[in-house]
Structure formats: structure tokens, C-alpha cells
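Peer 1: When you get a sec, could you give me coordinates for this:
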Amino acid sequence: MATAADVRSLALSLTGVVEIESEGFDFRVGGKGFVWSYPERVPGARRRIRTDIAVLYVGDEAEKQALLKGEPSLFFTTDHYDGWPLVLLRLDAVDVGRLEELVTDAWRMRGGEPG
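Peer 2: Numbers count the residues shown, from 1 in each chain. Coordinates of the predicted model:
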């Protein structure tokens, strides 16, 4: 089981990462977001920042669909993310090793380079 603290630790260990001030977590490389906390939108209610769910950049629609279909216990999406290469990741369902792989892949796809 991973946590927001694990996301923060992993993201900040990568070269060139900047944390943007937010209610949860929000990490960018080269000005591009690669992992951030889920801003849950419920009709009729104020947006709620969920630090138990990460929004993760996955590169393209094919990868998005592969993750959603292949591991539905970890990944999901909402209508708000239709057409975007992003998935929602349940942190309480992923181990830290897999989280590291996912965060590192997202960082690389957004332009991160090993130091």
C-alpha cells in the first residue's frame, strides 16, 4: 500500500522535478505535470482534493486503455479525463515498487532525464 508521502518521496528523487503548491501533491518536470492528487468533482459540491488517488500521465490513449483494462483494481478514469492520456491510480491498492515504476515512467514521458 502506497501513500501520498511515497508519491512525494519518489517524485522529488527524480532530476528536475518541481513541486507546485497545492492542497495535495502536484509534481512537474520541464513545466509539465506528471503526477498530482486527484481533484474530485461531485456535482453540487466543492471540488475535493483526494491524496489517496493520484492522477498519472501515461503518454497516450493506447497505454491508458491497456492499464484500465489490464489492472482495473489499480486504475480507473472519469468522464473529465476522456481524451487525455491520464489515469487515476488508487494508492491504497498499489505497492511502492510498482508506484516507483509508474511515477518514473510518467516523469520520463514528460521529459525527465536521469541526472
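
Peer 1: drop to CA atoms for contacts and neighbour counts, all remaining ones
Peer 2: Fine.

Peer 1: for the protein, what spans make up the helices?
Peer 2: Secondary structure of the chain (DSSP state H): helices at 4-12, 61-70, 96-109.

Peer 1: ok, residue 30 - how many residues close by?
Peer 2: Here the number of neighbours of residue 30 (other C-alpha atoms under 10 Å) works out to 12.

Peer 1: Quick check: it vs residue 15, distance?
Peer 2: Distance of residue 30 to residue 15, given as C-alpha to C-alpha, to the nearest Å: 10 Å.

Peer 1: hang on, the earlier thing: right, so of the helices of the chain, which gets closest to residue 52?
Peer 2: Closest approach to residue 52 among these is made by helix 4-12 (6.5 Å; C-alpha to C-alpha).

Peer 1: same for that closest one, what does it pack against?
Peer 2: Applying 3 or more C-alpha pairs under 8 Å, 6 or more residues apart in numbering; DSSP states H and E, we find helix 4-12 packed against strand 17-19, helix 96-109.

Peer 1: In it, which residues are buried?
Peer 2: 4, 6-8, 10-11 (16 or more other C-alpha atoms under 10 Å).

Peer 1: quick check: mean pLDDT across that helix?
Peer 2: Across helix 4-12, pLDDT averages out at 98.
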